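Student: quick one: sequence plus predicted model below, questions after.
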Protein chains: 2
Amino acid sequence: MYITLDLESEEPIYTQLKYQIIAGIAKKELSPGEALPSVRSLAADLSINLHTVNKAYQQLKQEGFILIHRQKGVVVNPDGVPKANEAYWSELESKLHPLIAEAVCRDVQEKDFLQLCSRIFANFNMKGDK
Amino acid sequence: MYITLDLESEEPIYTQLKYQIIAGIAKKELSPGEALPSVRSLAADLSINLHTVNKAYQQLKQEGFILIHRQKGVVVNPDGVPKANEAYWSELESKLHPLIAEAVCRDVQEKDFLQLCSRIFANFNMKGDK
DNA sequence: ATATCTGTTATACTATAAATATAACACATA
DNA sequence: TATGTGTTATATTTATAGTATAACAGATAT
């Protein structure tokens, strides 16, 4: 499970970190119950501050991706990530809305947009990976 | 063409404004060549600062949605919005990636994800609207 | 017992972005 | 000549991101 950060990006570091862990779970590189590095060791590995890692972990916990035991450490949620609910779908829609508005303006065909989505889905679902 | 802002949102005002104009173009509520309000009048209408409107306009100009004539004013790009190019597709993919990663984690089926996209597309393409 | 490792909490500081408030400028036009 | 364009320039306030230290409580291995 490699993590790469772009310190030049406008995307906050803790957000990049959050997403990469989510992507790791999606790709099954991280399994339910699997331990994640401590805030200190991960911060040291990435040469960033402990609090930046902690912020990412706190939000991942808040959203149900991980569990944090005060003394044991951090693990991927053993019960799996909570299934999509109404609030999730509503949020997803509001995130897709601007993307699709711009696509329509740029004359992107629905078919091509959906194809791109399918390709990204396929990328996450291929199980025979490294 | 109504514009509504949520001043409580974490989404910056200029970003909300940008998107609503893009959505207006996508829905054909704004036509190529159509004039947009001046920075001062729109700012006054929305009870926000002139510079906030200007920031949104500058970015919309940068991305090809509108043209700004120094003394005439602001108009929707008469030649239409520039078509999708390689850079656009690459950016779109990087915006979809995190959304689909989370969807996969939450056990969202590809079919359901694509259906939501289709529904949003349909919303922009219905021409008989108000 | 003692040292070490967890996450957690608390301050303090710097840097940057968002938003506002004024003011002035150059240019066109009524 | 006055007014309306966008533009530029400062300055200020507020919030967020990120870093730097330090300390605490609880578990664990030595």
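Tutor: The structure has been received and is ready for your questions. Quick caveat, the model's predicted, so the values are computed rather than measured.

Student: which residues of chain A lie near chain B?
Tutor: Neighbours of chain B within chain A, by CB under 8 Å from any CB of the partner chain: A:19, A:22-23, A:25-26, A:65, A:80-84, A:88-89, A:92-93, A:95-108, A:110, A:113-114, A:116-118, A:120-121, A:124-125. To be clear about C-beta, it is placed using only N, CA and C from the backbone, and glycine gets the same treatment.

Student: can you narrow the residues you listed down to the ones near DNA strand C?
Tutor: Subset of the residues of chain A next to chain B in contact with DNA strand C: empty, counting by CB under 7 Å from any atom of the strand.

Student: which ones among those residues lie within helices?
Tutor: Among the residues of chain A next to chain B, DSSP state H puts A:19, A:22-23, A:25-26, A:88-89, A:92-93, A:95-105, A:110, A:113-114, A:116-118, A:120-121, A:124-125 in helices.

Student: just the buried ones from these, in PyMOL syntax?
Tutor: Selection of the buried residues among those in PyMOL, burial being defined by 16 or more other CB atoms under 10 Å in any protein chain shown:
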select buried, chain A and resi 19+22+23+25+26+88+92+96+97+98+99+100+101+102+103+104+105+110+113+114+116+117+120+121+124
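
Student: for the residue of chain A most remote from its centre, list the residues it contacts.
Tutor: The C-alpha centroid of chain A is most remote from A:D107, which lies 29.6 Å away (CA atoms, centre = their mean). With contacts defined as CB atoms under 8 Å, 6 or more residues apart in numbering or on different chains, A:D107 is in contact with B:G80, B:V81, B:K83, B:A84.

Student: neighbours of the first one, just the number please.
Tutor: Using other CB atoms under 10 Å in any protein chain shown, B:G80 has 16 neighbouring residues.

Student: ditto for the last one
Tutor: Per other CB under 10 Å, the neighbour tally for B:A84 reads 19.

Student: check contacts around it.
Tutor: If you count contacts by CB under 8 Å, 6+ apart, B:A84 has them with A:A103, A:R106, A:D107, A:V108.

Student: show the pLDDT at it.
Tutor: Reading off the confidence values, B:A84 has pLDDT 98.

Student: and the residue nearest to A:S38 when sequence neighbours are not counted, its phi and psi?
Tutor: Nearest residue to A:S38, sequence neighbours excluded (CB to CB, 6 or more residues apart in numbering or on different chains): A:G73, at 5.8 Å. Taking degrees, to the nearest 10, you get phi 140, psi -160 for the backbone angles of A:G73.

Student: wait, isn't A:G73 in contact with A:E34?
Tutor: No. In this structure, A:G73 is not within contact of A:E34 by CB atoms under 8 Å, at 11.1 Å.

Student: return the residues of chain A in contact with DNA strand C.
Tutor: Within chain A, the residues that sit near DNA strand C (CB under 7 Å from any atom of the strand) are A:10, A:38-41, A:50-51, A:54, A:57-58, A:68-74.

Student: intersect these with the contacts of DNA strand D.
Tutor: Counting by CB under 7 Å from any atom of the strand, the members of the residues of chain A next to DNA strand C near DNA strand D are A:L50, A:H51, A:R70, A:Q71, A:K72.
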